[in-house]
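>>> Mind folding the following:
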Amino acid sequence: MVSSTIRAPGGASQQRSLFEQPQKPAAPIHPLARKADPASSQAAAKEVIESGAAANQMRELLTWLRGQTESFTSLEIARLSGMDRYNVARRLPSLEKAGCVERGRIRPCSITGRPSIEWRAR
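Residues are numbered from 1 along each chain as shown. You can find the predicted model right below:
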């Protein structure tokens, strides 16, 4: 078997196959902060990714959407699922780029009455 030696923090080494994939939660496909954003936004984006919070939010959102038979706006998803409205709105584009959700038609949101995009799981 082909293997490599990995140095863990503290200098300890582990042997693992080159074909073994590290177990990392899926992270958002696109950057959470733009290069021009302030340092505080950059730090917050880094924290959300490194802590696994973004991946957990994406998993929770996708699991909820897969349990639905109809499409909803991001605000409707947040209200019905109990998830934070801003996290829902931030994670939908990443899930779309990953091919897990798709945009539907634009229609009035049942909560605000404003034209909004419907989202559904693929």
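>>> Tell me the helices and strands packed up against the strand or helix carrying residue 55.
Using DSSP states H and E, residue 55 sits within helix 53-66. Applying 3 or more Cβ pairs under 8 Å, 6 or more residues apart in numbering; DSSP states H and E, we find helix 53-66 packed against helix 39-50, helix 74-81, helix 85-97, strand 115-121. From N, CA and C alone the C-beta is placed, and that goes for glycine too.
>>> So which of those is nearest residue 106?
Closest to residue 106 of those is strand 115-121 (Cβ to Cβ; 5.2 Å).
>>> Give me the packing partners of the closest one, helices and strands only.
Helices and strands touching strand 115-121, by 3+ Cβ pairs under 8 Å, 6+ apart, are helix 53-66, helix 74-81, strand 101-108.
>>> burial of residue 53, as a residue count?
Using other Cβ atoms under 10 Å, residue 53 has 13 neighbouring residues.
>>> ok, it to residue 59 distance?
Between residue 53 and residue 59 the computed distance is 11 Å (Cβ to Cβ, to the nearest Å).
>>> In space, what's closest to the residue most central in space within the chain - neighbours in sequence excluded?
By Cα atoms, centre = their mean, the chain has its centre lying nearest to residue 58, at 3.5 Å. In space, and not counting its chain neighbours, residue 58 is closest to residue 91: 4.9 Å by Cβ to Cβ, 6 or more residues apart in numbering.
>>> Nothing else from me, thank you.
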